[in-house]
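>>> Just the structure for this:
(2 chains)
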Amino acid sequence: MKTVSFWPGLRIGFLAGLVLMVLALAACGDGGSGLTGSVKIDGSSTVFPIAEAMGEEFQLLNRKVRLTVGISGTGGGFKKFCRGETDITNASRPIKTVEVETCADNGVEFIELPIAIDGLSVMVNPKNDWVDHLTVEELKRIWEPASKVKRWSDVRPEWPDKRISLVGPDTDSGTFDYFTEAIVGEEGASRPDFTASTDDNVLVQAIAGEENALGYFGYAFFVANMDKLKLVPIDPGNGPVAPTEQTIGDGTYQPLSRPLLIYISKRSVTEKPEVLEFVNFFLDEENGLLVEEGGYVTLTSEIYQLVRQRFNDRVTGSMFAGGSQVGVSLEELLSRR
Amino acid sequence: MALAPGAFARHRSAMRKRAAVFYSLILTATLLGLVVLAVLIVDVFRDGARWLDWDFITSFPSRFPARAGIKSAIFGTIWLMGFTALFAFPIGVGTAIYLEEYAPRHWLIQILQLNIANLAGVPSIVYGILGLTLFVRAMSLDRSILAGALTIALLVLPIIIIAAREAIKAVPNSLREGSYALGATRWQTIWHLVLPQALPGILTGTILALSRGIGETAPLLMIGALTFIAFTPASPLDPFTVLPIQIFNWTGRPQDEFRGLAAAGIIVLLGILLLMNTGAVLLRNKFQRRDEG
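So this is what the prediction gives:
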């Protein structure tokens, strides 16, 4: 009968599918330390390179731990973290008061640790030969919501009468939040007419391809694209300073140096030895190399010490009081309890 | 009515000209698509070919371009598509059978049909939001393969239903009537006559739908598929990543090498797609031939 011979064909298809799944099962990893369980990390795309480097090395040492790193952005990461869905969340800005409240409502206690420093870098096209530095005041006039700056000559009269084309990170990003806080003085306050993207490569291209462009993003992306961009030194009032590993690390590059942070669920640390082990790995000064690899600046030994102390004491809560503390040193913040 | 001498010939040559214009138009349309595709493929191969080797396929992602591979993404994609097909195929075909063979001609059914057609056009991110609320949170499946597969299954379901309905509709009614005349029940008729006849069409539609699903990124990002994952899933409840997410992540890196890796990832994705489509064509041909024999 035709129909009887018809259906077994499909069954073979299903069998093939099953075999495929069994193969997938068999390919599962093995070896490493005795540590098992899972470490779930999510959050900022700025901090991702560091978390990924730490994760990759940790995974190689502990093959049975299932470590995952996601990119949901700082805000998206906090949403998941405060619902208790992740163990660790990466942040390129401090936790906001509303987010602290959500965490508290869900009974999520967190330990807040700075793990690296980033210098937000202001950049122009290499063909731009007139900008030697910008003052914070000038940056503010360019970026504030009611800005009247349309041409370079509006910034300084001696500069060419050319249209200024502005480029910056998307409003969802922690970088945007920090820049507006540090320059305009209010988090999220920015003129709306600039080319925005969540993809830093798009920002690089936008500045590299437009002679009159001005933009800002993390130092790491400048380091990777040095030949296509020109760095602008920033003058906060006592002389222009360009971001370098030196000036970002020692805090002389102001006000655009910002700490990058991780937030760890206290419950995860208590209940999951693999999370505890991973955080210890993260805070090991020897692994600071992994931070530099990503283009960020490592903490000084003294600050490392303070951070480890803070973790070992399981100090919960935020030291930033709901927003970025521009111009306050990390040491000072860490010694506040 | 008598035509003036030569009028017919003139009319004929005008018709010929029009036919020639039409022919060149459709040829251009076809070539345009092909040329764009060719340029795309050549470009991708130029960027990615030198990264593509066995190590690339068998290594986990890494921050070092030389060490990076897409093993976890390939496994994730296979798991995800396997479960998506498992959910979407029976539900989609079932719905199509009901709508074509059982559903009464009622205005409620008409609205239902209209809505299915509309669903096919809903932006995929909306399915992501639905998946996040329903599967990830309400059903607490977490960010697992199962949650991802259910979300993608919802996304491709309307396409499968529409394709399956068309395929079932195309089965001549005389076959059904002949079957009933021989005393077969409705179910026997559908199972032994209608479905085998419609299967090639249904399979084509399903593969097209799955081919769309395999490239989806937005809804999976929404439900929280992961970016760095250096192990392969062992069960449908495990976290996962898929090829498009890995590719997306690589294109966003500052180092140029990663764009080469992304291109290599695209080649792998194209390869899997090609494999799926070939499988579908083979399966279809097999069923068609058997049917004729």
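
>>> what about whichever residue of the stretch 201-337 of chain A sits closest to chain B, how many neighbours?
Of all residues in the stretch 201-337 of chain A, A:Ala224 sits closest to chain B, with a separation of 3.2 Å (Cβ to the nearest Cβ). C-beta: built from backbone N, CA, C; applies to glycine. Here the number of neighbours of A:Ala224 (other Cβ atoms under 10 Å in any protein chain shown) works out to 18.

>>> A:Glu332 now?
A count of nearby residues for A:Glu332, using other Cβ under 10 Å, gives 10.

>>> Can you check the pLDDT for it?
As summarised for this prediction, A:Glu332 has a pLDDT of 76.

>>> Then the one 5 residues further on?
A:Arg337 carries a pLDDT score of 55 in this model.

>>> Residue numbers of the stretch 151-300 of chain A in contact with chain B?
Proximity of the stretch 151-300 of chain A to chain B is assessed by Cβ under 8 Å from any Cβ of the partner chain, with A:Asp199, A:Asp200, A:Asn201, A:Val204, A:Ala220, A:Phe221, A:Val223, A:Ala224, A:Asn225, A:Glu293, A:Gly294, A:Gly295 identified as the residues in range.

>>> related to what we said a few turns ago, contact partners for the residue of the stretch 201-337 of chain A closest to chain B?
Contacts of A:Ala224 were listed using Cβ atoms under 8 Å, 6 or more residues apart in numbering or on different chains, and they are A:Gly295, B:Pro254, B:Gln255.

>>> follow-up on the earlier one: give me the buried subset of the residues of the stretch 151-300 of chain A next to chain B.
Buried members of those, counted by 16 or more other Cβ atoms under 10 Å in any protein chain shown: A:Asp200, A:Asn201, A:Val204, A:Ala220, A:Phe221, A:Val223, A:Ala224, A:Asn225, A:Gly294, A:Gly295.

>>> Sort out which of these are in helices and list them.
Using DSSP state H, A:Asp200, A:Asn201, A:Val204, A:Ala220, A:Phe221, A:Val223, A:Ala224 are the members of these that sit in helices.

>>> Spit out the contact partners of the third one.
What that stands for is A:Val204. Taking Cβ under 8 Å, 6+ apart, we find A:Val204 in contact with A:Phe217, A:Phe221, A:Asn225, A:Lys228, A:Leu229, B:Pro254.

>>> how near is the closest residue in space to the second one that isn't next to it in sequence to B:Leu193?
It stands for A:Phe221. Once flanking residues are discounted, A:Phe221 sits nearest to A:Asp200: 4.6 Å by Cβ to Cβ, 6 or more residues apart in numbering or on different chains. Computed as Cβ to Cβ, to the nearest Å, the A:Asp200 to B:Leu193 distance reads 59 Å.

>>> and what of B:Gly213?
As it turns out, when the distance is counted by Cβ to Cβ, B:Gly213 lies 30 Å from B:Leu193.

>>> swap in A:Ser72?
Taken as Cβ to Cβ, the spacing of A:Ser72 relative to B:Leu193 amounts to 51 Å.

>>> between those two, who's got more neighbours?
Each of A:Ser72 and B:Leu193 had its neighbours counted (other Cβ under 10 Å), and the higher figure belongs to A:Ser72 (23 against 18).

>>> isn't the more buried one right up against B:Ile223?
No. The pair formed by A:Ser72 and B:Ile223 falls short of the contact definition of Cβ atoms under 8 Å, at 10.9 Å.

>>> Could you pull up the residues touching the residue of the stretch 1-150 of chain A found nearest chain B?
Shortest the stretch 1-150 of chain A-to-chain B distance, computed as Cβ to the nearest Cβ: residue-wise this is A:Val69, at 3.8 Å. Taking Cβ under 8 Å, 6+ apart as the criterion, A:Val69 is in contact with A:Ile41, A:Asp42, A:Phe48, A:Ala51, A:Glu52, A:Gly55, B:Leu226, B:Thr227, B:Phe228, B:Ile229.

>>> Just the ones of these in helices?
When helices are assigned by DSSP H, the members of the contacts of A:Val69 inside them are A:Phe48, A:Ala51, A:Glu52, A:Gly55.

>>> Low-confidence stretches in the stretch 1-150 of chain A?
A:1-33 (pLDDT under 70).

>>> Enumerate every residue touching the nearest residue to A:Phe278 once chain neighbours are set aside.
Residue nearest to A:Phe278 in three dimensions, not counting chain neighbours: A:Val39, with 5.0 Å by Cβ to Cβ, 6+ apart. Contacts here follow Cβ under 8 Å, 6+ apart; on that basis A:Val39 touches A:Gly55, A:Phe58, A:Val65, A:Arg66, A:Leu67, A:Thr68, A:Asp87, A:Ile88, A:Lys272, A:Glu274, A:Val275, A:Phe278.

>>> Those in strands, which ones?
Secondary-structure check on those using DSSP state E: residues within strands are A:Arg66, A:Leu67, A:Thr68, A:Ile88.

>>> For the last one, which residues count as its bridge partners?
In this structure, A:Ile88 bridges to A:Ile41, A:Ile264 when assessed by DSSP bridges.

>>> wait, what's in contact with it?
If a contact means Cβ under 8 Å, 6+ apart, then A:Ile88 has A:39-43, A:51, A:81, A:262-265, A:268, A:275, A:278-279 as its contacts.

>>> now for the helix or strand in which B:Ile267 is found, which elements pack on it?
Using DSSP states H and E, B:Ile267 falls within helix B:257-292. Counting by 3 or more Cβ pairs under 8 Å, 6 or more residues apart in numbering or on different chains; DSSP states H and E, the packing neighbours recorded for helix B:257-292 are helix A:2-6, helix A:8-26, helix B:7-48, helix B:54-58, helix B:71-97, helix B:195-214, helix B:243-251.

>>> Look at A:Thr86 and say how many residues are nearby.
Neighbour count of A:Thr86, defined by other Cβ under 10 Å: 29.

>>> That one contacts A:Leu67, correct?
No. A:Thr86 is not in contact with A:Leu67 according to Cβ under 8 Å; the separation is 11.8 Å.
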